[in-house]
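S.K.: quick one: sequence plus predicted model below, questions after.
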Amino acid sequence: MKKLLTNKIFKNNLITYGIVIIAFVVISIIKGTGNLSSLFTGLLVPLCAYIILAVSLNLVVGISGELSLGHAGFMCVGAFSSALFSKCVVGTMPDGLRFLLALIIGSVLAGIIGVLIGIPVLRLKGDYLAIVTLAFGEIIKNIINVIYIGRDSKGFHFSMTSEMDLNLEAGGETLINGAQGITGTPKDSSFLIGFILVMITLFIVLNLINSRDGRAIMAIRDNRIAAESIGINITKYKLLAFTVSSVLAGAAGVLYSHNLNNLQATSKNFGYNMSIMFLVFVVLGGIGNIRGSIIAAVLLTLLPELLRGLNAYRMLIYAIVLIAIMLFNWAPGALAFREKYSIKNWLSKKTGKEEM
Amino acid sequence: MSFLSYLIKGISLGSVYAIIALGYTMVYGIAKMLNFAHGDVIMVGAYSVFIMSTSLGLSPIFGVLTSIVVCTALGLTIERVAYKPLRGAASPLAVLITAIGVSYLLQNIALLVFGANTISFTSVINISPITFGSNGELTISGETIVTIIAGIIVMVGLTLFVNKTKMGHAMRAVSEDKGAASLMGINVNATIALTFAIGSALAAIAGVLLCSAYPTLNPYTGAMPGIKAFVAAVFGGIGSIPGAMIGGVLLGIIEVFGKAYISSQMADAIVFAVLIIVLLVKPTGILGKNIQEKV
C-alpha cells in the first residue's frame, strides 16, 4: 500500500477520481437543498455525457495521437440504438435492467461501428483521418434521418422513404419516424447514473493508459516506425484505442438519449459541430490530459449558460474566450512571455533559490 | 436531356466548390493548417454583396468588388491576429481549434448584425437563360453560365499565377520547405499572408456565386459548403491546386446526380461515402503526393 501511495501515477489518478467525487457530492448537496436552478439541473446529465465524450476522445487524440472528428457519430449510434431498444421493451422489464441492457446494446453497437470504421480508416494519417471520420459521422447522422421503423401485430416494419411506406396496421406504432426521430424514450438517466458512468469511463481510460497496452499505444503515437520495429502491432493497438473510445462514446449517447423525451439527429446535437466541440474540450483541457478534459468539458458547457444574462453576446464572448485561451496557452510568443514574467520565477529569484 | 441539364448543374455547383476548395488547399499547402473559418468568410462575402447591391442599391459589379476587398482584409486580419502567433506551436491542433474559434466568432458577429433570419438574396447576375431544343428541354440559367465561366477564369488565372509569377514561385517554395525558402531570401510571413489574401478573395467570389445560384443567406450559410469544399480539397489531394479543381467539380456532379437519381435526403451521405471510398483506394487523394517516410 505504501508503495502504491508513493507511486506518482497512482496519486495522480486518485486526484482525478477525487475531484469528480467531490464535485458530485457538492452538486448533490446543493441540489438536495433546492438551491440549484432548474437550468443547471437540466444540464447535469448532458454534462456527464460530454465529460465521457471528452475523456474518450482524449484517448484517441491525446493518447493514440489520431485526429477524430466523428465522435458525435458514435454517440448518435449509441443514442438511437438504445432508445429504440428501450422504447420497444418498455413495460416488459424493471427499469434498472432495461437501462442496463440499453447501455450494453448502445455501447456494443457503437463499438462494432467503431471497429468497422477503424479497420479501413486507421490506415490514413493526420488530416485525412480527420476528414474521413468527419464524413462517417455525417453519414451516420444522415442515415438515421431517413430510417423509419414501425411495429404492429405482424412484427417490425422498416422503410427508408417515409412513414406511409411502413404499411402499419391500425394500432401499429411508429418507433423511429425519420427526421422526427424517437419520441417517448423512458427517462432512465439521472445525475447519479451519469456520475457512475463517468467514474467507469475514468477507470477504463486511466487503467488503459497505464497498462502495457497503453504504453504501446503511446509508443506508436510518439514514433510509429520505432514502435513497429520493436514488434508492436500498429493496427491492433490503434484499433484498440479507437474501439474503446467509440464504446465509451456510445455509452455517453445512451446516457444522453435516455434523458430526452424527443430524440432527433440534427446537426446541433450529432453533427460535426458537436464532434468539433468535443475536440475543443480535449485541446483546451490539454491533449492527453484526462483531468484537463473533464475540467474543460465542465467549464465550456457551463460558460454559455453562465453568460446567459448577456443574451445575444454570449456565444460571441465564448468565441473570443476560446481564441484568447488558445493564443495564451499555445502561442510561442505568449509562452515566452509567461516564462519571463511568471510568479514562480519571480518568487524563486527573490528567495534566491534556483529551481532545478 | 435531363441528364445533360443535371450534368451542367453539377459542373456549376462543382465550380463553386472548386473555388472554395482552392482557398482551402492553398492555405493548407503553405501553412499546413485546416482553416475552418474559410466557410464563414464566404458568408461574410455574401453579406457584403447583399448590403452593397440590395440594401444600398449600388451596381452589382461594385458590390462584388467591395466584397472581395472586405474578405481579403478579413482574411489578412484573421491570419495576423489569430494564426500567425501560433506558428511554431507545439501541436498543430492548437491552430485548428483557434480556427474553429474564429469560425464561431464570425458566425456570431453575423448573427448579431444581421439576425438569425434567412434573407432572400437577389441574384447579382442579369443574364437571360439560354434555351436549347424546340420545347425548351434544356435551359441553362444565367447564374450557371457565369458560375462556370468564373470557375474557369479563376482556375486558369490561379494556375498561371502560381506557375509563372515570382510571387507564385515564392508560394510554392514556402509550401515545399519554409526554412530553405527563407534562406533563399523569400519573406515567408508575407508569402503566407498573401496566400490567405488570395484564398479569402476567392471565398468572396464563391460566396457571391453560391448565393446567386441558391438565393438564401443566413449566418450559417457558409458552414456546409465550407465542409463540402474541404472534402473536395481532400478528395483531389489536399495541397494540390489542380486536385482541388478536379475534386470540386467531381463533388458537385456527384452531389447533383445523387440528389436527382438516388435520394435527395441522402445526397450528403453519398458525397461523403464517395470521399471515403476514394481515400481508401488512394489514401492521399486523386492528385495527392505520396510522401515516402524515411527512418
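M.R.: Great, that's in hand.
S.K.: ramachandran angles for B:Ser264?
M.R.: Comment: the main-chain dihedrals of B:Ser264 come out as phi -70, psi -30, following degrees, to the nearest 10.
S.K.: which residues in chain B form helices?
M.R.: Assigned helices in chain B, in chain order: B:2-31, B:38-49, B:60-78, B:92-114, B:142-164, B:166-176, B:178-183, B:188-213, B:223-236, B:241-257, B:267-281 (criterion: DSSP state H).
S.K.: which among these is found nearest to A:Leu208?
M.R.: Closest approach to A:Leu208 among those is made by helix B:92-114 (21.3 Å; CB to CB). The way it works is simple: take the backbone N, C-alpha and C, and place the C-beta from them, glycine included.
S.K.: that closest one vs chain A: in contact?
M.R.: Yes. With CB under 8 Å from any CB of the partner chain as the threshold, helix B:92-114 lies in contact with chain A, specifically through B:93-98, B:100-102, B:104-105, B:107-109, B:111-112.
S.K.: how about low-confidence regions in the stretch 201-350 of chain A?
M.R.: Across the stretch 201-350 of chain A, the ranges flagged by pLDDT under 70 are A:311, A:349-350.
S.K.: now name the helix or strand holding A:Ile149.
M.R.: Applying DSSP states H and E as the criterion places A:Ile149 in strand A:148-152.
S.K.: got a list of contacts for that strand?
M.R.: Strand A:148-152 has contacts (CB atoms under 8 Å, 6 or more residues apart in numbering or on different chains) with A:84, A:88, A:156-163, A:165-166, A:168-169, A:171-178.
S.K.: ok, A:Leu14 to chain B distance?
M.R.: Distance, A:Leu14 to chain B, by CB to the nearest CB, to the nearest Å: 28 Å.
S.K.: distance check, that residue against A:Ala297.
M.R.: Noted for A:Leu14: a distance of 20 Å to A:Ala297, by CB to CB, to the nearest Å.
S.K.: between these two, who's got more neighbours?
M.R.: When A:Leu14 and A:Ala297 are compared on other CB atoms under 10 Å in any protein chain shown, the one with more neighbours turns out to be A:Ala297, at 29 against 13.
S.K.: thinking again about what came up before, switch the helices of chain B over to TSV; also include mean neighbour count and mean pLDDT.
M.R.: Formatted as TSV, those follow (neighbours: other CB atoms under 10 Å in any protein chain shown; pLDDT from 0 to 100):
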stretch	mean neighbour count	mean pLDDT
helix B:2-31	24	89
helix B:38-49	28	92
helix B:60-78	19	92
helix B:92-114	21	89
helix B:142-164	17	90
helix B:166-176	17	91
helix B:178-183	14	91
helix B:188-213	24	92
helix B:223-236	27	87
helix B:241-257	24	91
helix B:267-281	19	86
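S.K.: coming back round to it: quick one: strands adjacent to the strand holding A:Ile149?
M.R.: The pairing partners recorded for strand A:148-152 under DSSP bridges are strand A:155-159 (antiparallel), strand A:173-177 (antiparallel).
S.K.: buried stuff in that strand?
M.R.: When burial is assessed from 16 or more other CB atoms under 10 Å in any protein chain shown, strand A:148-152 yields the following buried residues: A:148-152.
S.K.: pick the one among these closest to chain B.
M.R.: For chain B, the closest of those turns out to be A:Tyr148, at 11.6 Å, with distances computed as CB to the nearest CB.
S.K.: for that closest one, name its beta-bridge partners.
M.R.: In this structure, A:Tyr148 has beta-bridge partners A:Ser159, A:Asn177, where bridges are defined by DSSP bridges.
S.K.: who's in contact with the closest residue to B:Lys259 other than its chain neighbours?
M.R.: Once flanking residues are discounted, B:Lys259 sits nearest to B:Ala267: 4.4 Å by CB to CB, 6 or more residues apart in numbering or on different chains. For B:Ala267, the contacting residues are B:255, B:258-259, by CB under 8 Å, 6+ apart.
S.K.: how far away is B:Ala267 from A:Leu263?
M.R.: Shown here: B:Ala267 relative to A:Leu263, a distance of 24 Å by CB to CB.
S.K.: count of neighbours near A:Leu303?
M.R.: Other residues within reach of A:Leu303, judged by other CB under 10 Å, total 15.
S.K.: and the one 4 residues further on, by the same measure?
M.R.: When neighbours are defined as other CB under 10 Å, A:Leu307 has 16 of them.
S.K.: now swap in the one 5 residues further on and tell me
M.R.: For A:Ala312, the number of neighbouring residues by other CB under 10 Å comes to 11.
S.K.: hmm, it is touching B:Val113, no?
M.R.: No. With contact taken as CB atoms under 8 Å, A:Ala312 and B:Val113 are classed as non-touching, separated by 10.6 Å.
S.K.: assumed A:Gly171 was part of a helix.
M.R.: No. Secondary structure of A:Gly171, determined by DSSP: H, G, I helix; E, B strand; the rest coil: coil, with no helix assignment.
S.K.: now do the contacts for it.
M.R.: A:Gly171 sits next to A:152-153 when contact means CB under 8 Å, 6+ apart.
S.K.: A:Arg151 versus that one, what's the distance?
M.R.: For A:Gly171, the distance to A:Arg151 (CB to CB) stands at 10 Å.
S.K.: now swap in A:Leu208 and tell me
M.R.: If you measure A:Leu208 against A:Arg151 using CB to CB, the figure is 39 Å.
S.K.: B:Met266 reaches A:Val146, doesn't it?
M.R.: Yes. Using CB under 8 Å, B:Met266 and A:Val146 qualify as a contacting pair, with a distance of 6.3 Å.
S.K.: which one of the contacts of B:Ala267 is nearest to chain A?
M.R.: Nearest to chain A among those: B:Gly258, at 11.3 Å, using CB to the nearest CB.
S.K.: so who does the closest one touch?
M.R.: The neighbourhood of B:Gly258, defined by CB under 8 Å, 6+ apart, consists of B:266-267, B:270-271.
S.K.: from those, which is closest to chain A?
M.R.: Closest approach to chain A among the contacts of B:Gly258 (CB to the nearest CB): B:Met266, at 6.3 Å.
S.K.: ok, now which ones touch that closest one?
M.R.: For B:Met266, the residues meeting the contact criterion (CB under 8 Å, 6+ apart) are A:142-143, A:146, B:258.
S.K.: try 6 Å
M.R.: Shown in contact with B:Met266 (CB atoms under 6 Å, 6 or more residues apart in numbering or on different chains): no residues.
S.K.: and the pLDDT at it?
M.R.: Each residue has a pLDDT score; the one for B:Met266 is 83.
S.K.: just read off the phi/psi values of it.
M.R.: Torsion angles at B:Met266 (phi, psi; degrees, to the nearest 10) stand at phi -100, psi 0.
S.K.: quick check: it vs A:Asn13, distance?
M.R.: For B:Met266, the distance to A:Asn13 - CB to CB - is 45 Å.
S.K.: quick one, phi/psi of the residue lying closest to B:Leu96 once chain neighbours are set aside?
M.R.: With sequence-adjacent residues excluded and distances taken as CB to CB, 6+ apart, B:Leu96 is closest to B:Leu34, at 5.7 Å. With angles defined as degrees, to the nearest 10, B:Leu34 shows backbone torsions of phi -90, psi 120.
S.K.: B:Leu34: how many residues sit nearby?
M.R.: Neighbourhood size, B:Leu34 [other CB under 10 Å]: 25.
S.K.: which bits of the stretch 51-200 of chain B sit near chain A?
M.R.: Within the stretch 51-200 of chain B, the positions lying close to chain A (CB under 6 Å from any CB of the partner chain) are B:82, B:85-86, B:88-89, B:91, B:93-94, B:97-98, B:100-101, B:104-105, B:108, B:112.
S.K.: mind running it again at 10 Å?
M.R.: Residues of the stretch 51-200 of chain B that fall close to chain A, judged by CB under 10 Å from any CB of the partner chain: B:78, B:81-109, B:111-112, B:115-116.
S.K.: many thanks, have a good one.
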